[in-house]
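**Student:** here is my input, please return the structure:
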Amino acid sequence: MKFQSLSQKLSLSALAVCALAFAAQAQAASAISPTHRLQSLPASLAAVTPTAASTLVVDVTNIQSVDELGSPDNTVLTFNVGANTVINSLTWDVSLRANSPSWLSEIQVSFGSTSGTDGVTFSPGFGDDNSGIGSYSGSANLADYGLEFQVGADGILRLEFHEGFYDGANPVDGVWTGGTLTFGITQAVPEPSTYGLMALGLIGVGFIARRRKSA
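**Tutor:** Okay, here's the model as predicted:
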């Protein structure tokens, strides 16, 4: 899976906020810290009407961070969130441990559809280029960064926990020692024309059932 880096965008965004605050002598605007990296290859959204917003909470306690993205040794979780559901936000409250010589900034999770054509890579400890422990919390509206994406017709959201760089000095480079990742999701409903086709289908099923009964 190919990703585009958003770390530069986040850094530039933070600098712009600071510059505006200084020039206007206004109160500092709240923004996502540039020490959290998101990367992505945005997906094109299909023609659906989003509705039924909800959240998916994932407990990451004791998930190991072993190798780089794509390794069969990595932990992969899948969740059925519904066909064509839009993933629009991420909230995190996690604790990490990086085993020397690995860094906290290298502990990552990539999430996307099963097609592999879209997804986001998140590094809670981005900027902490050192071993040890760290706790991180925050939230991001993916749409603000062009990272909002849609899962496929199978409805599966796929998460892979991995390293940004494999050091190889230990069997496990790091561990998500606790916390949760919360995904904001908006389930898609068919367009009105699709509802019409569904209704016709149900009428057809009823007609067949009546014919069988009369026979």
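
**Student:** what are the pairing partners of the host helix or strand of residue 138, and which direction each?
**Tutor:** Element membership of residue 138 [criterion: DSSP states H and E] is strand 132-141. Its sheet considered, strand 132-141 pairs with strand 86-98 (antiparallel) by DSSP bridges.

**Student:** got the CA coordinates for the partner strand in PDB?
**Tutor:** Provided in PDB are the C-alpha atoms of strand 86-98 (Å, rounded to 0.1, in the frame of the first residue of the first chain):
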ATOM      1  CA  VAL A  86     -17.000   6.500   5.500                       C
ATOM      2  CA  ILE A  87     -14.200   6.700   8.100                       C
ATOM      3  CA  ASN A  88     -14.000  10.400   9.000                       C
ATOM      4  CA  SER A  89     -12.200  10.900  12.300                       C
ATOM      5  CA  LEU A  90      -9.700   9.400  14.700                       C
ATOM      6  CA  THR A  91      -9.500   9.900  18.500                       C
ATOM      7  CA  TRP A  92      -6.600   8.400  20.400                       C
ATOM      8  CA  ASP A  93      -5.700   7.900  24.000                       C
ATOM      9  CA  VAL A  94      -2.800   5.400  24.100                       C
ATOM     10  CA  SER A  95       0.300   4.400  26.000                       C
ATOM     11  CA  LEU A  96       3.400   3.000  24.200                       C
ATOM     12  CA  ARG A  97       6.700   1.400  25.000                       C
ATOM     13  CA  ALA A  98       9.600   1.300  22.600                       C
END
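
**Student:** tell me which residues of that strand come out buried.
**Tutor:** Going by neighbour count (16 or more other Cβ atoms under 10 Å), the buried part of strand 86-98 is 86-98. In this view, the C-beta of every residue, glycine as well, is placed from N, C-alpha and C.

**Student:** stretch 111-124 now?
**Tutor:** 111, 112, 113, 118, 119, 120, 121, 122, 123, 124.

**Student:** what about residue 80, how many residues close to it?
**Tutor:** 11 (other Cβ atoms under 10 Å).

**Student:** again with residue 68
**Tutor:** 15.

**Student:** mind showing which ranges of this structure have poor pLDDT?
**Tutor:** Applying pLDDT under 70 to the chain flags the ranges 1-52, 189-215.

**Student:** what about 90?
**Tutor:** Applying pLDDT under 90 to the chain flags the ranges 1-53, 115-119, 166-171, 187-215.

**Student:** where along it do the strands fall?
**Tutor:** 4-5, 37-41, 49-59, 63-65, 75-80, 86-98, 107-112, 119-123, 132-141, 149-150, 156-163, 174-189 (DSSP state E).

**Student:** just to revisit the earlier point, and the strand holding residue 138 with strand 174-189, angle?
**Tutor:** 10 degrees (axes from the mean of the first three to the mean of the last three Cα atoms, to 10 degrees).

**Student:** which parts of strand 132-141 are buried?
**Tutor:** For strand 132-141, by 16+ other Cβ under 10 Å, it's 134, 136, 140.
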